[in-house]
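[1] Sequence plus the predicted model coming up.
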Amino acid sequence: MTIHIEDLKFQCIIGILDFERTTPQDVIINLTIEYNYKNNFINYADVVEIIKKTMIKSEFFLIEDALESLNLKLIKEYKAIKSINLKITKPSILPDCKVSVSNYCKSQS
């Protein structure tokens, strides 16, 4: 089974520049979760809440650290997850483009 969460948009503190540490900015999350469904329901609303709470509370300096943290947290929370494909976009950091970092994480179980 696959869960798709597309264009989840909210504001948080993320980045290394001085203004990024004081002013929340938009981030957009795109996520695909592959999981074993056999009686292992994953509530996508709960996944969204975990992502938002983690990003807002942690105030990451690097998108890469946010990616790793979210992957570990979701895999730990949901044992049925086989893999996660996660992309974090900062749509307003540069005037002429969107900047994103993504990764693919496979569960060890």
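    Yep, that arrived. Numbers count the residues shown, from 1 in each chain.
[2] just the helices in the protein please.
    Counting by DSSP state H, the chain has helices at residues 18-22, 44-58, 63-77.
[3] Now the first one: buried residues?
    By neighbour count with 16 or more other C-beta atoms under 10 Å, helix 18-22 contains the buried residues residue 20. No exception for glycine: its C-beta is placed from N, CA and C like everyone else's.
[4] Quick check: phi and psi at the closest residue to residue 62 other than its chain neighbours.
    Using C-beta to C-beta, 6 or more residues apart in numbering and skipping the chain neighbours, the partner closest in space to residue 62 is residue 16 (6.9 Å). Backbone torsions of residue 16, given as degrees, to the nearest 10, read phi -110, psi -10.
[5] Quick check: residue 34 vs residue 95, distance?
    To residue 95, residue 34 is 36 Å away according to C-beta to C-beta, to the nearest Å.
[6] So for these two, which residue has more residues nearby?
    The residue with more neighbours, out of residue 34 and residue 95, is residue 34; 15 against 5, by other C-beta atoms under 10 Å.
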